[in-house]
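Colleague: coords below, sequence missing:
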């Protein structure tokens, strides 16, 4: 930290240590003699400062130590290390043995005693202590390409874009040259009620950069930034930053994970304040470092806070992080948060180079406590994804009046600059290429072609497979949407295709939230029974590589009519009517019963009606070209589906009822990481052939799949009733961070357990019922499809994540049904995931 001058600069850096123990001293104050400018050392005792011409002395001060003044050489860059002497009155209390550093202890430590007082008084200093609270909240989110060199800026590629670049003090986070790419302002009214507890946010106005929807989901990007830059409540035990939870310095368990130091006492204001510095005990753990200013009025409230992270923290792509919290006094002499600022600098390398810098500033005003609020106000419908609810909210006049602080000169230009940028043909061409590579679609105005990663694939039945497809866009119509593809297998010499037409009932894109549409479609294509993939196409080229036999497919004809309706509270339902014809291919066959084992059925036809219910409270996601990518948080997701098979309706051959439900939930465990849990169960009523039973999700690729059984073979297990639990836990490096050699690699531990209990009633089990359809056998006459009547299927894995910051590798072990033919007891699986 420090102050920089412009001309004839003198740059000084160094380390401040204890003269006796040689231990580095964190957050030592230093000041340019004769001025009010200075700074503090970092958590490791390092400092750096630039002096103006004529200034040649620095004064270093630290509570419990004798101040020291150092003279520096003017006009030079130099290193000045400082050794501070403990004050005489403290020397008698310190025992130095063999020159070793004194061990930090919580016992009889006044700083720890003070932080325990802060922790003890947290309940009465929280907003939740009041019966009612109301306030207006202003948010400003800005995101920029940062740390750009002059060479990069002046590259001929950017000759038409020079108006976009901005400059700032080169010593600030983000460097001298930066290029703003996103900005958003929000104004909201907020109301809190203690009993029954509820916090209501009513968005008053919103202004943001809007990118072309062909290239970027602006609303999804806004949601993603909100998830990375959440409100910081210092009184919470855990603070969410860039999708990770860092332990608050005043969490209940803070004294076990942090070191605390009293660095100053401020008596120039009422009440008196104590400056409390804190550092992680382990500098790679997910912890903050910084300073707190605590009131000495008996409330032990936080009046100001400065939070940063250690440069060695096990947090990917984060080069710098600073958060500043300011509090104002309430009429009852307690404090509320009046302003917060969170600044994060991202980059592939922590040692410099181009990156991204994001900054979120939040101001609170009109803060009122214990003034009753009408119950009707808490029932106001939220304005999610709707235009601003007051007139002229997009105008600069409105925002100039309602901003608590004026925008910077750079901020004032962002909206118009981005609008201008999107009108430049070369920018549109560049985004077209990026969308093709990243999302897999090539835009042609009213029609877009893709996804490109499905154009080529292969399998044992179709051989070499080519596919080409696309869909219409909102440029053609906001009501009508059409999608199609055609594919051809060179081994089976068969054409496959898909056609769909969709009508939007709310005059919005059918991919935009909330969805409300009706769709009719026909699909003739292949499918591996028991393979279900998330966020990826089944004929993705990379998934062509599989272990074991890959020649079991079904030819499917689907005739469908579907109605989808989503609501703003993230409850949704869909109703569908489907005619389904299945024909076996490859080594799969539809055999007869044990009474007629040589009989073969060429096709199974069913007609189904399905009702699906889904509730995902507080759900957030990014809407891609094909999928919604969830932005996972602590809230659960509930799914319930009912399907009825209708015999003698549209050629249906079977009557049955299929009930299925699932719950997904992430549990955050503070420093121990987080756990993802999925509970699922189903029950099928009726006598049906095995293709209509629950074919459990198997995975024969080499990719680790979270929601499949990674050592189960395709079509290995079927059930007419089952219950399953999947647990995937990530420790976020909690243990590896304590191992000296491994902590430098920033690796993260993980494990998973998956258990599936199910079975077949006698009427659907060919080993019991002579009229049930026989299971598939291999060339050796061994049955390859089984029931789960004997015991549950269980597999588990231990893995190492964050390899090269993006790779997770698991050793997977299968524990049951080890005598089934063609199975693997062990396996190595990998998963690529971008995560902070």
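Modeller: Nice, thanks for sending it over. This one's a predicted model, so the numbers in the text were calculated from it and none came from an experiment.
Colleague: could you point out which element follows the helix or strand residue 582 falls within?
Modeller: Here residue 582 sits within strand 571-586, counting by DSSP states H and E. Moving toward the C-terminus from strand 571-586, the next helix or strand (DSSP H and E) is strand 590-591.
Colleague: ok, residues contacting that following strand?
Modeller: By C-beta atoms under 8 Å, 6 or more residues apart in numbering, the residues outside strand 590-591 that reach it are 584, 597, 599-604, 689, 691, 773-776. Yep, even glycine has a C-beta here, placed from its N, CA and C like the rest.
Colleague: helix, strand, or coil at the closest residue to residue 367 other than its chain neighbours?
Modeller: Using C-beta to C-beta, 6 or more residues apart in numbering and skipping the chain neighbours, the partner closest in space to residue 367 is residue 135 (4.4 Å). Using DSSP: H, G, I helix; E, B strand; the rest coil, the structure places residue 135 in strand.
Colleague: and residue 135, what is it in contact with?
Modeller: Neighbouring residues of residue 135 by C-beta under 8 Å, 6+ apart: 190, 336, 364, 365, 366, 367, 368.
Colleague: and the strand holding residue 582, what does it pack against?
Modeller: With contacts taken as 3 or more C-beta pairs under 8 Å, 6 or more residues apart in numbering; DSSP states H and E, strand 571-586 sits against strand 552-566, strand 604-615.
Colleague: adding mean pLDDT and distance to residue 49, write those out as JSON lines.
Modeller: JSON lines is the format used below for these (pLDDT from 0 to 100; distance: least, C-beta to C-beta, whole Å):
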{"stretch": "strand 552-566", "mean pLDDT": "94", "distance to residue 49": "56"}
{"stretch": "strand 604-615", "mean pLDDT": "97", "distance to residue 49": "56"}
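Colleague: how about a markdown table for those strands, with mean neighbour count and distance to residue 730 added?
Modeller: Converted to a markdown table, the helices and strands packed on strand 571-586 look like this (neighbours: other C-beta atoms under 10 Å; distance: least, C-beta to C-beta, whole Å):
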| stretch | mean neighbour count | distance to residue 730 |
| --- | --- | --- |
| strand 552-566 | 18 | 30 |
| strand 604-615 | 17 | 25 |
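Colleague: could you dump those to JSON lines with distance to residue 726?
Modeller: Putting the helices and strands packed on strand 571-586 into JSON lines (distance: least, C-beta to C-beta, whole Å) gives the following:
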{"stretch": "strand 552-566", "distance to residue 726": "24"}
{"stretch": "strand 604-615", "distance to residue 726": "18"}
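Colleague: closest to residue 649 out of those strands?
Modeller: Residue 649 lies closest, by C-beta to C-beta, to one member of those: strand 604-615, at 4.6 Å.
Colleague: relative to strand 571-586, how tilted is that closest one?
Modeller: 150 degrees (axes from the mean of the first three to the mean of the last three C-alpha atoms, to 10 degrees).
Colleague: given strand 604-615, what are its sheet partners and their directions?
Modeller: strand 571-586 (antiparallel), strand 637-645 (antiparallel) (DSSP bridges).
Colleague: let's have those in TSV, adding mean pLDDT.
Modeller: Formatted as TSV, the strands paired with strand 604-615 follow (pLDDT from 0 to 100):
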stretch	mean pLDDT
strand 571-586	95
strand 637-645	97
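Colleague: so which of these comes closest to residue 126?
Modeller: Proximity to residue 126 (C-beta to C-beta) singles out strand 637-645 among the strands paired with strand 604-615, at 28.9 Å.
Colleague: give me the residues contacting the closest one.
Modeller: Residues outside strand 637-645 that contact it (C-beta under 8 Å, 6+ apart): 606-616, 619, 652, 654-665, 686, 688, 692.
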